[in-house]
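Q: Curious how this folds, go ahead:
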Amino acid sequence: MLTPQARKNLTGDRLTRSRIWRVVYALGSLNLAVLLLLSLAGVCAVATFLESGFSARVARAYVYQAPWFNVWLLLLALNLSCSAATRWPWERKHAGFVITHAGILVLLAGALLGKSRGFEGSVDLSQGSPP
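A: The predicted model follows:
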């Protein structure tokens with residue numbers, strides 16, 4: 001278990017020793033996470049208006065299935081991964097942080113997998129008839 005001072009020294013050593021760790025800390029920053037999440041929320045709001053104004057096909061074609069949207073999701077996943085990496089070595093008190101970030105990464109992986117290999121369908125049911 002690291003003391004707070006030892007953890008601070010480890011962080012300082014990483015930043016001064018390696019360019020890779022500087023990049024990891026920059027990619028895992030909270031400012032970048034907020035920027036990515038706010039811009040993603042704005043894009044999804046625009047897609048919702050496109051869907052209600054035109055059709056789901058238009059929103060899917062111009063937003064959800066666009067290559068830049070996948071890049072955006074991958075950047076968010078990279079940000080989460082780097083954020084978790086900056087806390088290494090993990091201690092027991094980091095369990096909530098690690099589990100939460102791992103869960104979000106699983107959700108993002110599911111979204112990307114669903115977009116690339118998923119399918120969409122519908123079932124019409126009427127009242128009084130068997131399904």
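
Q: Buried residues of stretch 76-95, list them for me.
A: Leu76, Ala77, Leu78, Asn79, Leu80, Ser81, Cys82, Ser83, Ala84 (16 or more other Cβ atoms under 10 Å). C-beta here means a position set from N, CA and C on the backbone, and glycine is covered the same way.

Q: thought the fourth one was touching Ala33?
A: Yes. The pair Asn79 and Ala33 qualifies as a contact (Cβ atoms under 8 Å) at a distance of 5.2 Å.

Q: Which residue ranges of this structure form strands?
A: Applying DSSP state E to the chain gives no strands.

Q: Poorly predicted segments of it, please.
A: The model of the chain has pLDDT under 70 over residues 1-16, 131.

Q: what do you get if the cut-off is 80, keeping everything else the same?
A: 1-18, 87-90, 115-116, 118-122, 129-131 (pLDDT under 80).

Q: now the helices for it?
A: Along the chain, counting by DSSP state H, helices occupy 4-17, 19-27, 30-53, 56-59, 67-85, 95-117.

Q: Can you lay out the ones you listed as JSON lines showing distance to Gln127?
A: What follows is the helices of the chain, written out as JSON lines (distance: least, Cβ to Cβ, whole Å):
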{"stretch": "helix 4-17", "distance to Gln127": "62"}
{"stretch": "helix 19-27", "distance to Gln127": "53"}
{"stretch": "helix 30-53", "distance to Gln127": "27"}
{"stretch": "helix 56-59", "distance to Gln127": "25"}
{"stretch": "helix 67-85", "distance to Gln127": "38"}
{"stretch": "helix 95-117", "distance to Gln127": "31"}
